[in-house]
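**Q** A structural model of the following input is requested.
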Amino acid sequence: MLRIHFTDVDLARTRLAPAPDPLFEITASLHRLQSRKGRWAYTGWYRTARERMRESGLERAVRDVLLPLCPRAAYYPDFLTPVDAVNGLDAGLESVLATPAERVRTEIGILDRTVGAPAWSRRLDALPARKQLVALLRAYHETVIAPHAEQVQARIEAERAARSRGLLDGGVEGLLAGLGPMLRWRPPVLEVAYPRQAEDRDLHLNGRGLTLVPSYFNWGEPVAYADPGLPPVVWYSLLHEPGAPRTRDPGRSLTNLLGRARAIALCTASGGATTGEIARAAGISAPAASRHASALRDAGLVTSLRNGQAVLHTLTPTGAAVLRAALREADGAGAGRPEAPASFPASHVPRRPNPE
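**A** Numbering: from 1, shown residues only. Here you go, the predicted model:
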């Protein structure tokens, strides 16, 4: 277990990241390529990622370079996911390039002792080799992460909306208390569950505060830096609900009430969705999707929030209750919806370990 110790100053300096961390999403997605755990939640991404890597000629470089650096194991180097990456891909890659050579050697050494590091990785302490790595990370991100950016950001915004309710109701402590069963708030300590083989440890924030970063591609276990001297960050998994956003048949009763397109819009908004995502799910134009979302909002079933050029739609409590009732009716009537796998538990844990 990781025990994160807060002071009053740390509570005041705790924040929830406004966007996904692109370098951590790269690392977490590489773990998805190495594991079947949670594969059902990423089926579409997994298929298109493989196709895009093949078409772009990245397959071999990913296999020979990125996967050995980011093994699905108890450790991978902290310098690959710098805290500056929460400010965007360019900022994160600049931090990778700026990592002191001694730190790179130290962390590659830990990787070697933990699971074994490829011989070529020892050259990463030199800037030319790190520039090649950064170019590969950028190419991988553009090929398999960026095409899903809208969906990932929508899920992050939905998570922020949910955590904001805890913040409004109970302050920062209310936010911390709602993070899930593997992140447990016992004032003034946040207990983060570790894998069984990991040693217990304590992290004292000492006025530095904590940055919480929701992750789309991380599955199950939260992750924190191995080095306690680095800025305190915890990346935690989003809850991937089976069924609702992927379901095309929301149930006869809901369809009869709202019409097919508007019923699908309500289902899609259950996971947080932009107007464009609603349009794609329902097979309609973006203006039509916007009109349906407006009608649902006027009825008090969804709430909409502008984020840059996109508008994110999420369910209100009333909308969620209407959808739950309709889906229960559809299940009872055998409406032919695809059988959903067991729901992923709302869990989250620390880096490094992250064995899955």
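
**Q** which residues sit in contact with Ser121?
**A** Applying CB atoms under 8 Å, 6 or more residues apart in numbering to Ser121 gives the contacts Pro68, Leu69, Ile108, Leu111, Asp112. Quick note: C-beta positions are derived from backbone N, CA and C, even for glycine.

**Q** now that we have those, which one has the most neighbours?
**A** Sorting the contacts of Ser121 by how many neighbours each has (other CB atoms under 10 Å) puts Leu111 first, at 24 neighbours.

**Q** Hmm, Ala117 and that residue touching each other?
**A** Yes - taking contacts as CB atoms under 8 Å, Leu111 lies within contact range of Ala117: 4.4 Å.

**Q** shared neighbours of the two, anything?
**A** Leu69.

**Q** With distance to Ala98 and secondary structure added, can I get the contacts of Ser121 in JSON lines?
**A** JSON lines is the format used below for these (distance: CB to CB, whole Å; DSSP: H, G, I helix; E, B strand; the rest coil):
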{"residue": "Pro68", "distance to Ala98": "23", "secondary structure": "helix"}
{"residue": "Leu69", "distance to Ala98": "18", "secondary structure": "helix"}
{"residue": "Ile108", "distance to Ala98": "17", "secondary structure": "helix"}
{"residue": "Leu111", "distance to Ala98": "20", "secondary structure": "helix"}
{"residue": "Asp112", "distance to Ala98": "23", "secondary structure": "helix"}
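
**Q** residues near the residue lying closest to Ala158 once chain neighbours are set aside, how many?
**A** Closest residue in space to Ala158, ignoring its immediate chain neighbours: Gly272 at 2.5 Å, by CB to CB, 6 or more residues apart in numbering. When counting by other CB under 10 Å, one arrives at 25 neighbours for Gly272.

**Q** Next, the buried residues of stretch 164-183.
**A** 166-167, 172-180, 182-183 (16 or more other CB atoms under 10 Å).

**Q** quick one: it to chain centroid distance?
**A** Distance of stretch 164-183 from the chain centroid (CA atoms, centre = their mean, to the nearest Å) equals 18 Å.

**Q** One more: stretch 153-163?
**A** Put simply, stretch 153-163 sits 10 Å off its chain's centre (CA atoms, centre = their mean).

**Q** List every C-alpha atom in it, with coordinates, as PDB.
**A** Listed next in PDB are the C-alpha coordinates belonging to stretch 153-163 (Å, rounded to 0.1, in the frame of the first residue of the first chain):
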ATOM      1  CA  GLN A 153     -11.100  14.200 -23.700                       C
ATOM      2  CA  ALA A 154     -14.800  13.600 -23.500                       C
ATOM      3  CA  ARG A 155     -14.300  10.900 -20.900                       C
ATOM      4  CA  ILE A 156     -11.800  13.100 -19.000                       C
ATOM      5  CA  GLU A 157     -14.400  15.900 -18.900                       C
ATOM      6  CA  ALA A 158     -17.100  13.500 -17.700                       C
ATOM      7  CA  GLU A 159     -14.800  12.300 -14.900                       C
ATOM      8  CA  ARG A 160     -14.000  15.900 -14.000                       C
ATOM      9  CA  ALA A 161     -17.700  16.700 -13.800                       C
ATOM     10  CA  ALA A 162     -18.300  13.800 -11.500                       C
ATOM     11  CA  ARG A 163     -15.400  14.700  -9.200                       C
END
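
**Q** Show me the domain layout of this structure.
**A** 1-241+341-356, 252-332 (automatic domain parsing).

**Q** What helix or strand is Leu137 located in?
**A** Using DSSP states H and E, Leu137 maps to helix 127-140.

**Q** after that helix comes which helix or strand?
**A** helix 149-177.

**Q** After that following helix, heading C-terminal, what element do we hit next?
**A** Once the chain leaves helix 149-177, the next helix or strand it forms, by DSSP H and E, is strand 183-186.

**Q** Buried residues, that next one. List them.
**A** Of all the residues in strand 183-186, those buried under the rule 16+ other CB under 10 Å are Leu183, Trp185.

**Q** now for the buried residues of stretch 164-183, which pair is the farthest apart?
**A** Spanning the widest gap among the buried residues of stretch 164-183 are Leu167 and Met182, at 19.9 Å by CB to CB.

**Q** where exactly do the strands run in the protein?
**A** 2-5, 15-16, 183-186, 189-192, 201-204, 211-215, 223-224, 233-237, 273-274, 302-307, 310-315 (DSSP state E).

**Q** And for the protein, the residue most distant from the center?
**A** Going by CA atoms, centre = their mean, the residue of the chain most distant from its centre is Asn256, 34.9 Å out.

**Q** Just the pLDDT at that residue, thanks.
**A** Listed pLDDT for Asn256 reads 85.

**Q** just to revisit the earlier point, as TSV, the buried residues of stretch 164-183 with distance to Leu89 would be great.
**A** Listed next are the buried residues of stretch 164-183 as TSV, based on distance: CB to CB, whole Å:
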residue	distance to Leu89
Gly166	29
Leu167	28
Val172	29
Glu173	33
Gly174	32
Leu175	27
Leu176	28
Ala177	32
Gly178	29
Leu179	26
Gly180	27
Met182	28
Leu183	26
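
**Q** Just put the residues you listed in TSV and tack on distance to Arg54 and pLDDT.
**A** Supplementary listing: the buried residues of stretch 164-183 in TSV, determined by distance: CB to CB, whole Å; pLDDT from 0 to 100:
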residue	distance to Arg54	pLDDT
Gly166	43	82
Leu167	44	88
Val172	46	93
Glu173	48	92
Gly174	46	90
Leu175	42	91
Leu176	43	92
Ala177	45	89
Gly178	41	86
Leu179	38	86
Gly180	36	74
Met182	35	80
Leu183	37	90
